[in-house]
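Chemist: what's the 3D shape of this:
(chains A and B)
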Amino acid sequence: NAGVTQTPKFQVLKTGQSMTLQCAQDMNHNSMYWYRQDPGMGLRLIYYSASEGTTDKGEVPNGYNVSRLNKREFSLRLESAAPSQTSVYFCASSDSAGGPGGTDTQYFGPGTRLTVL
Amino acid sequence: AQSVAQPEDQVNVAEGNPLTVKCTYSVSGNPYLFWYVQYPNRGLQFLLKYITGDNLVKGSYGFEAEFNKSQTSFHLKKPSALVSDSALYFCAVGFYNTDKLIFGTGTRLQVFP
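Modeler: This is a model prediction of the structure:
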């Protein structure tokens, strides 16, 4: 049981390049999330998916797109990377089917450290 | 607006002493409150959460937190700190009608031998 996995672990891009960050979970969770972590800012939600086939914007969605490929996988795409997108990106998942939204524990992947030059 | 605040960027404590990491929140309605810990170069790990019921919540690694509705606080505590507790701690708040969490900015705990 691997939990939440993310690839790649590290990535360096040049301004304007594109890339996709991959996330998968093996806990059969309904909800998945993408966050970015910046010093002094904590974690900020980029996009989330409450169920397969649905996605919604979080606090900082500009410059990103997401795809909930199936129940297990949730990818984050940067179409044209900018230096402001240099950050550590975390994927998380939770099982929100058990009760009111917002009560369920989120489980995090190990993160992807992205640098945009 | 819904928000959560961690007023201290860093907390320093000697090993064996009690520790407190502070968290306050501002939400409408009943909050669901969480503490997560992040060790260097790792993802966040769940410590404990308050949903309803007993205001004192016990979690992993000997940590506990007390929900105080009148002071809108959810401070994290441990009676005797260990050097291995040194990490970045995040408070987060959830809400009834959404799966989203709002995270605080984090508090770095440094436990000195």
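
Chemist: by proximity to chain A, which residue of chain B wins?
Modeler: Closest contact between chain B and chain A, by Cβ to the nearest Cβ, is at residue B:94 (3.0 Å). In short, each C-beta sits where N, CA and C put it, glycine included.

Chemist: burial of residue 41, as a residue count?
Modeler: Since you didn't name a chain, this refers to chain A. Here the number of neighbours of residue A:41 (other Cβ atoms under 10 Å in any protein chain shown) works out to 13.

Chemist: meant chain B actually
Modeler: 10.

Chemist: show the backbone phi and psi for it.
Modeler: phi 60, psi 30 (degrees, to the nearest 10).

Chemist: need the contact list for it.
Modeler: Applying Cβ atoms under 8 Å, 6 or more residues apart in numbering or on different chains to residue B:41 gives the contacts A:110-111.

Chemist: roughly how far apart are the residue of chain B closest to chain A and residue A:42?
Modeler: As judged by Cβ to Cβ, to the nearest Å, residue B:94 and residue A:42 stand 15 Å apart.

Chemist: which one's more surrounded, those two?
Modeler: Just comparing residue B:94 and residue A:42: by other Cβ under 10 Å the higher neighbour count belongs to residue B:94, 25 against 20.

Chemist: and the helix or strand harbouring the more buried one, which strands flank it?
Modeler: Assigned by DSSP states H and E, residue B:94 belongs to strand B:87-95. Sheet pairing for strand B:87-95, assigned by DSSP bridges, gives strand B:32-38 (antiparallel), strand B:98-103 (antiparallel), strand B:107-112 (antiparallel).

Chemist: give me the element the residue nearest the centre of chain A is part of.
Modeler: Centroid-nearest residue in chain A, with Cα atoms, centre = their mean: residue A:34, separated by 2.3 Å. Per DSSP H and E: residue A:34 is located in strand A:31-38.

Chemist: fine by me, thanks again.
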